[in-house]
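A.B. asks: can't give you the sequence, but here's the structure:
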């Protein structure tokens, strides 16, 4: 399928871009600036597009993002430390983020003759992000089928929808993804913090997959404490 990948520059979406390039026809990577504090992730998305030899399409929706306040990713709210399963991680929800981004990506895909839009939502996202769950994906596909009826038929490709982060690391290792050229940390510092939800999930995934993690972390040990706390509290 001729496919456009929504790529943030993170481990999941860069691995997806490599998977699509290996198995389908990758038309380009679409990335979004929405006012996120970790906007440096976009640089890693561009590196991925250059590496794969496809167009990089950055979309600036930061004026819209400014209206979606109340999230630790876009507002003056501290990014919480801990496991993604913890209730505090709801502070990282940006309302309707995936719905907005995917709708734009579908418009680009229709204009460019693509047959699919790919996004790297996965099983670990289901804890707190409603627009990463299978029900949302199915409903969005139905909506787009109606929105583009008679104009285009575009599939929403989500191969990781039931996969774990460790599964994605395993896939990335098989595809020789340069993991050190991806960015996950929500705090957007010089190096990964090792303590926010996405850092904890990233470190844990490499450990579970048995794959060497090339990432530099400010705190590479905290994740074990976060996992134990999540299990003890019954959220895992």
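C.D. replies: Cool, the structure landed. Since this is a predicted model, take the numbers as computed values, not measurements.

A.B. asks: which strands and helices sit next to the helix or strand in which residue 199 is found?
C.D. replies: Assessed by DSSP states H and E, residue 199 sits inside helix 197-209. If you count contacts as 3 or more CB pairs under 8 Å, 6 or more residues apart in numbering; DSSP states H and E, helix 197-209 packs onto helix 165-174, helix 222-232. In this view, the C-beta of every residue, glycine as well, is placed from N, C-alpha and C.

A.B. asks: mean pLDDT for those helices: which is lowest?
C.D. replies: Sorting the helices and strands packed on helix 197-209 by mean pLDDT places helix 222-232 lowest, at a mean of 93.

A.B. asks: contacts for that helix, please.
C.D. replies: Residues outside helix 222-232 that contact it (CB atoms under 8 Å, 6 or more residues apart in numbering): 81-83, 85-86, 194-195, 199-200, 203-204, 236.

A.B. asks: lowest-confidence one in those?
C.D. replies: Least confident of the contacts of helix 222-232 in the model: residue 236, at 80.

A.B. asks: what sits closest to residue 39 if chain neighbours are left out?
C.D. replies: residue 33 (6.0 Å; CB to CB, 6 or more residues apart in numbering).

A.B. asks: show me what counts as buried in the helix or strand that contains residue 59.
C.D. replies: In this structure, residue 59 sits in strand 56-60 according to DSSP H and E. Within strand 56-60, the residues scored as buried using 16 or more other CB atoms under 10 Å are 56-57, 59.

A.B. asks: nearest to residue 48 among these?
C.D. replies: residue 56 (8.3 Å; CB to CB).

A.B. asks: how close does the closest one sit to residue 32?
C.D. replies: 12 Å (CB to CB, to the nearest Å).

A.B. asks: now do the SS call for the residue sitting furthest away from the middle of the chain.
C.D. replies: Computed with CA atoms, centre = their mean, the maximum C-alpha offset from the centroid of the chain is found at residue 150, amounting to 30.5 Å. Here residue 150 is coil, with the state taken from DSSP: H, G, I helix; E, B strand; the rest coil.

A.B. asks: quick one, phi psi at it?
C.D. replies: Torsion angles at residue 150 (phi, psi; degrees, to the nearest 10) stand at phi 80, psi -10.

A.B. asks: with residue 39 instead?
C.D. replies: In terms of degrees, to the nearest 10, the main-chain angles of residue 39 are phi -60, psi -10.

A.B. asks: run a quick neighbour tally on it.
C.D. replies: Residue 39 has 16 neighbours, counted by other CB atoms under 10 Å.
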